[in-house]
Structure formats: C-alpha cells, structure tokens
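Asks: from the sequence below, what's the structure:
(chains A and B)
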Amino acid sequence: MSSPVVSLNPWTDLSTMWSYPYLRNALIAGSIVAIIAASVGWMMVQRRQSFLGHTLAVVSFPGASLALLFALPASVGYYGATVIAALIARQSSDAQTADDRQSNATIGTVQAVALATGLLVISRSSSFLTSTTSLLFGSFLGITSNEVLLIAVVGVVTGVVFIAIARPLLLATFDATEATAMGIPVAALNVVFAVLLACVVAATSQITGALLVFALLVMPGATAQILTPKVWKGCAISVGLGLGILWLGIGLSFYLPRLPLGFCVTSVGFFAYLVSHVLVALRSRPHLQGNVA
Amino acid sequence: MTASLSTTLLAPFMVNAFIAGTAIALLTGAVGSMLVLRVELFTADALSHVAFTGAMAALLLGLVTGVGLLIACISAAVVLALLGRRIGRSDAAIGTFFAWILGLGTLLLSLASTSSSGSTGTSSITVLFGSLFSLSSTGTWLAVIGSTLGLIALGIVLRPLIYSSIDASIAQARGVPVVGVSIAFAVIVGCATALSVQAVGALLFVGLVAAPAGAAMRATTNPFATTALSMGLSVAAVWTGLFLSGMIPSVPPSAAIILVAAAFFGTAKLSESLVARRAR
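Replies: Next comes the predicted model:
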C-alpha cells in the first residue's frame, strides 16, 4: 500500500479514502455497526451492564473458532455463541433473585469458559497464531461485500427492535417496580435486550475482532452520559459520537499507517471521553469558564 | 500407562507447575471471594487487559515481562480504586479506560512485532493465555514468594475489608479507614493479576477469581467461610486441571483449569437450585 498524504482538506482526504474499494466496505460496514453499537451501547451504559457487554464480546471469539473448526461460516459462530451466552447470563440472574453478586460471578464465569473453550479449539488447529490474532484483533480492512450486506440486514433488524423496545426498556431500567405496575413485561424485556446486545456484539466483532468491539459499544455511551442527563438527547449524542469516533479512527490509521486501527479508534474515543469530562467540569464552575473564554 | 503418567507428573516442569499453581490459586481464591463480595469482577476484567498492555510495553522497553506486568497492574488497580471513589461506581468509566488500554496494547504489539523478530506473536499469545508448563524455576519461586506476600497482606486487611465491603458508610462511621483499605486491596488485586497472568494468562484471569468464589458463595454466606472455601476450590481446580492436562497433552493447562473451576461453579449452582426446589 503506497502511503497516502494528508491534504488537510477533509473532503479531498475523504474522497481519497473512498477511492479504495476495501476502505469503502470498511467505512460502510463500520458506519452501520457504529450506529447500532452506539445506540444499544448507550442503553447498556444506562443499565450498568458493561460487564455483560464485554463478556458477550469475548464470547464471540470461541464462537468464531468453533465455527472455523467445523468449517461453518464464521457468522454462524459469532451470532450463535453470543446469543446463547446472553441467554445463559440472563437466565441465571432472573431465576435467582436480582442479586448483583451472583450475577457478577455468573457473567465472569461465562466469560472465562468462553475463553477457555476458544483456547482449546484454536490450540488444536495448526494455524494457531494467525487465526487467533485475527479473531481477537479483527480484520477490519478485509471485509467482503457479502459481509457488508449481512451487517446491513442485521443493522436494520436490530435498529427496528431497539426503537420498538427502547421506551418501556428505559422505564424498566430506571424503575422496575413502577414498570411492572404499569404492565410492562420487565423480565421478558431484559431477555430481549440481552439478545439484542448479543446480535449487535456479533455484528461488530465480525469486523473489529473480539477485543475491540467493546470500545465501539461503551465509549460513545459513556461519553454521552457525561455530557447530558437527558435521555433521547443522550442517545442521539452517543450515535453521533460513535460515527465520529469510527470515521476519525479509520482516517487516522489510513493516513498514519504505522498506527493500528484499534489504537486509533480507541484513542479517539478515550480523548472524546476525557474532553467531555473537562467540558462538564468547566460548565459546573462558572468562574473558571469566564477565565477560559 | 501408569509409568508414563507418573513420569509426566514428576517431570520438573510439572512439579514447578504444581508448586506455582497452588500458590497462585490460594491468592486468587482469596482475592476472588473479596472481588465477588464487592461486585468488582469487572475491575478484574479491566486489569487483565492492562496486564496485556503492560507485558507488551515491557517487551518493547526490554524489561522483564514480570516487572512490566507488576508495575502496570498495581498502578492501574490503584487508579481504578481512586477513580471509582471520585465519580461513583461507574462501570462505563472502567470500560472506557480499559478499552483504550487495550487499544494501546495493540499499538505496542505492532511496534514490537516490527522492531524485533517473529517471537512477538508467540509472546503475545503467551501473555493472553499463559501456560504453567512453561514456568522456569525462578518464575516458580517468584510466584510462591509473591503469593505468600499477597496472602499475608490480605490477611492483615481482611476484617476491615469485609466490613467496608458490606456497608461502607457504617464502617466509616465506626472509624474503619475505608479509603486506605480499598487502596491496599487494589494493590493486592494488582499483584494477584500480575502473578496469575503467568499461570492462566491475561484473558483467563477473570475465571480464576470468579468461578471458585462464585461457587463458594452459593455454599455459605459467611464471608470468612466463603474465602476459605474459595481458596480450597481454587487449589482443587488448579490440581485437577494440571492433572487432566498432563494426561491429555492436547488440552492446554489454562483451559483445563478454567473448565474445572467452571464445573465447580455449575455444580454449586445446580445443587443450590435443587435444594431450593426441594424446600419449596
């Protein structure tokens, strides 16, 4: 790959990037994934389920390696494993009381079993190093048009489901007793959301690798939560941030080829998170704000 | 068969694995029960990613991997403990932090693999998944000494730690130094992470702290009893796992240990729900 030069004109830079077919696929698939991951991830942050989200991300690794072992398409492994894990993790915490400690331990154990299984499977295959590295760290720039199509379909379906359940789910999140009294099926919604999270994680990990899904899931939501306490505004900010983080990240790693994509995306996200902390701190202290402005 | 098995079990690497594994299991079992009590397993998850980045940084700077792990894990654990106090117990903040740390790790990995020979890929996999079988005798002694120190430190803070984990405000009112205790605990957790990364690897560390402690919690509600039981289950998981892995060479020791620990957890869960059903 000849190393491209930045023109400092965003439009020219963008059209240069667009002219590479592999990058075009990455940008399209990445944008879809960024939108659904940021909105569902924002809900995950509201529900304080980051540990569950991260565990599902981890589960996609043994899923994909099992699929490779049985010569199935990787997608089957990604979606199958994450959905099953979501059901196990949810089932257990609903069957028992809503004890934080128990469900915390269950989620941790599910994650470890997933990783141990992945290690077991992949240590039997000969291409141990390369496939492990690509499953864990992703092959963002090797996305085919078929994969883009699959991601688009999943994006539309998860988006529709998310919009349909978002309102009652938020109520169930903030006040479960009130929601139950209003006739909202809280337990069922919990399961539906876990499965939704699983599908989004599967779609995302297919392009970012198991280890970096979590960045797209948690960073926009966490940043939006700092910026505004308002509900729908927060979700919108989260989606905007998700897209911004992804595009800036891809752009950075395109023009600075020495920096891996994962590092660029997470750094842009972490920077946004820190900046929003500073902004909020300034806003809450008017006398400081005067000095700065 | 028996002859070959006893040869395998008495091989130096196996003896090292049993010694180091036992020491590390005692520490992770005890630390795990406290982590479960405090609902802080996500912190352990975060630390295991820090361990990866720390090891990559050590590789790049030419430091001993163990030293890099120890520095990275302890400092990150303390940062997370302080962060948790300032902005409340926010899992999203922890998540954002470790997602970036992991991104940093991928940068270091790519820098290391362009600057040195092809061994980097192997060492990154070793850090991620670990192997007790590849421990040197120096590594074994380090594990034993580190675990002993960690256990002594945990023993000193155990009582105030349990008190402040169950009800922080009452503990504070009674004069327990809640902040100091939680920072001391963070340092111990950092040590435990760094030590066990060599045993089961960064990615499987969460299982070593979650599964035995989770199983123990279902058997008893007394925090002291839970801790003791968790340590016992953890050692049992490591021994059974090492034994299995010695018998079936295609099963990596880390995977065997975690799967045995998870089987304990599953059994505890099943028997608990059976008992609950009979009581009803």
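
Asks: could you pull out the helices for the stretch 1-150 of chain B?
Replies: For the stretch 1-150 of chain B, applying DSSP state H, counting those that start in this stretch gives helices covering B:2-10, B:12-37, B:41-61, B:65-86, B:91-115, B:119-129, B:137-166.

Asks: compare those and give me the one nearest residue A:155.
Replies: helix B:91-115 (21.5 Å; Cβ to Cβ). The way it works is simple: take the backbone N, C-alpha and C, and place the C-beta from them, glycine included.

Asks: who wins for proximity to residue A:232 among the helices of the stretch 1-150 of chain B?
Replies: helix B:91-115 (18.3 Å).

Asks: angle of the closest one against helix B:41-61?
Replies: Orientation note: helix B:91-115 sits at an angle of 20 degrees relative to helix B:41-61 (axes from the mean of the first three to the mean of the last three Cα atoms, to 10 degrees).

Asks: any residue of helix B:91-115 touching chain A?
Replies: Yes - Helix B:91-115 lies within reach of chain A by Cβ under 8 Å from any Cβ of the partner chain, at B:91-97, B:99-100, B:102-104, B:106-107, B:109-110.

Asks: quick revisit: a markdown table for the helices of the stretch 1-150 of chain B, including distance to residue A:231 and mean pLDDT?
Replies: As requested, the helices of the stretch 1-150 of chain B are exported to a markdown table (distance: least, Cβ to Cβ, whole Å; pLDDT from 0 to 100):
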| stretch | distance to residue A:231 | mean pLDDT |
| --- | --- | --- |
| helix B:2-10 | 60 | 67 |
| helix B:12-37 | 32 | 92 |
| helix B:41-61 | 24 | 87 |
| helix B:65-86 | 25 | 82 |
| helix B:91-115 | 16 | 83 |
| helix B:119-129 | 38 | 66 |
| helix B:137-166 | 32 | 90 |
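
Asks: now those in JSON lines, with mean neighbour count?
Replies: Output for those, formatted as JSON lines (neighbours: other Cβ atoms under 10 Å in any protein chain shown):
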{"stretch": "helix B:2-10", "mean neighbour count": "10"}
{"stretch": "helix B:12-37", "mean neighbour count": "24"}
{"stretch": "helix B:41-61", "mean neighbour count": "25"}
{"stretch": "helix B:65-86", "mean neighbour count": "19"}
{"stretch": "helix B:91-115", "mean neighbour count": "23"}
{"stretch": "helix B:119-129", "mean neighbour count": "20"}
{"stretch": "helix B:137-166", "mean neighbour count": "18"}
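
Asks: out of the ones you listed, flag the one nearest residue B:258.
Replies: Closest approach to residue B:258 among these is made by helix B:119-129 (10.2 Å; Cβ to Cβ).

Asks: can you show me the CA trace of stretch B:98-116 as CSV?
Replies: Only the C-alpha atoms of stretch B:98-116 are listed here, as CSV (Å, rounded to 0.1, in the frame of the first residue of the first chain):
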residue,chain,number,x,y,z
PHE,B,98,-9.7,-0.5,29.6
ALA,B,99,-10.9,-0.3,26.0
TRP,B,100,-8.3,2.4,25.4
ILE,B,101,-5.6,0.5,27.3
LEU,B,102,-6.3,-2.5,25.1
GLY,B,103,-6.0,-0.2,22.0
LEU,B,104,-2.7,1.0,23.4
GLY,B,105,-1.7,-2.7,23.7
THR,B,106,-2.4,-3.3,20.0
LEU,B,107,-0.1,-0.4,19.1
LEU,B,108,2.7,-1.7,21.3
LEU,B,109,2.1,-5.2,19.8
SER,B,110,2.5,-3.8,16.3
LEU,B,111,5.6,-1.7,17.3
ALA,B,112,7.1,-4.8,19.0
SER,B,113,6.5,-7.0,16.0
THR,B,114,8.1,-4.6,13.5
SER,B,115,11.1,-3.9,15.8
SER,B,116,12.0,-7.5,16.8
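
Asks: contacts for that stretch?
Replies: For stretch B:98-116, the surrounding residues in contact (Cβ atoms under 8 Å, 6 or more residues apart in numbering or on different chains) are A:137, A:211-212, A:214-215, A:218-219, A:258-260, A:262-267, A:269-270, B:45-46, B:49-50, B:52-53, B:56-57, B:59-60, B:76, B:120-121, B:124.

Asks: same check on stretch B:167-182?
Replies: Stretch B:167-182 is contacted by residues B:81, B:85, B:157, B:160, B:161, B:163, B:164 when judged by Cβ under 8 Å, 6+ apart.

Asks: rerun at 6 Å
Replies: Contact with stretch B:167-182 is made by B:81, B:157, B:160, B:161, B:163, B:164, as judged by Cβ atoms under 6 Å, 6 or more residues apart in numbering or on different chains.

Asks: so which of those comes closest to residue B:216?
Replies: Closest to residue B:216, out of all of the contacts of stretch B:167-182 and judged by Cβ to Cβ, is residue B:161, at 16.4 Å.

Asks: show me which residues of chain A are close to chain B?
Replies: A:45, A:48, A:50-51, A:100-101, A:104-105, A:108-109, A:111-113, A:115-116, A:119-120, A:123, A:129, A:137, A:211, A:214-215, A:218-219, A:222, A:260, A:262-263, A:266, A:270, A:273 (Cβ under 6 Å from any Cβ of the partner chain).

Asks: please pick the buried ones from these.
Replies: The neighbour-count criterion (16 or more other Cβ atoms under 10 Å in any protein chain shown) marks A:45, A:50-51, A:101, A:104-105, A:108-109, A:111-113, A:115-116, A:119-120, A:123, A:137, A:211, A:214-215, A:218-219, A:222, A:260, A:262-263, A:266, A:270, A:273 among those as buried.

Asks: before we move on, back to that, please convert the helices of the stretch 1-150 of chain B to JSON lines, extending it with distance to residue A:18.
Replies: Shown next, in JSON lines, are the helices of the stretch 1-150 of chain B (distance: least, Cβ to Cβ, whole Å):
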{"stretch": "helix B:2-10", "distance to residue A:18": "58"}
{"stretch": "helix B:12-37", "distance to residue A:18": "47"}
{"stretch": "helix B:41-61", "distance to residue A:18": "33"}
{"stretch": "helix B:65-86", "distance to residue A:18": "39"}
{"stretch": "helix B:91-115", "distance to residue A:18": "25"}
{"stretch": "helix B:119-129", "distance to residue A:18": "33"}
{"stretch": "helix B:137-166", "distance to residue A:18": "51"}
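
Asks: quick check: which element contains the residue in chain B that chain A sits nearest to?
Replies: In chain B, the residue that lies nearest chain A is residue B:207 (2.2 Å; Cβ to the nearest Cβ). Per DSSP states H and E: residue B:207 is located in helix B:205-219.

Asks: compute the inter-axis angle for the next helix or strand after that helix and helix B:205-219.
Replies: Downstream of helix B:205-219, the next assigned helix or strand under DSSP H and E is helix B:223-247. Following the same axes, to 10 degrees, one obtains 130 degrees for the angle between helix B:223-247 and helix B:205-219.

Asks: quick one, helix B:223-247 and helix B:12-37 angle?
Replies: Calculated by the same axes, to 10 degrees, helix B:223-247 forms an angle of 150 degrees with helix B:12-37.

Asks: list the buried residues in the very next helix or strand once past helix B:223-247.
Replies: Moving toward the C-terminus from helix B:223-247, the next helix or strand (DSSP H and E) is helix B:253-279. By 16+ other Cβ under 10 Å, the buried positions in helix B:253-279 come out as B:253-262, B:264-266, B:268-269, B:272.

Asks: quick check: which of those residues has the minimum pLDDT.
Replies: The member of these with the lowest pLDDT is residue B:272, at 81.

Asks: which residues does it contact?
Replies: Applying Cβ under 6 Å, 6+ apart, the residues contacting residue B:272 are residue B:218.

Asks: cool, residue B:154 as well?
Replies: By Cβ under 6 Å, 6+ apart, the contact list for residue B:154 reads B:30, B:188.

Asks: and it, how far from residue B:28?
Replies: 11 Å (Cβ to Cβ, to the nearest Å).

Asks: and for the residue nearest in space to the middle of chain A, nearest residue in space, chain neighbours not counted?
Replies: The centroid of chain A falls nearest to residue A:217 when counting by Cα atoms, centre = their mean (2.9 Å). Nearest residue to residue A:217, sequence neighbours excluded (Cβ to Cβ, 6 or more residues apart in numbering or on different chains): residue A:41, at 3.9 Å.
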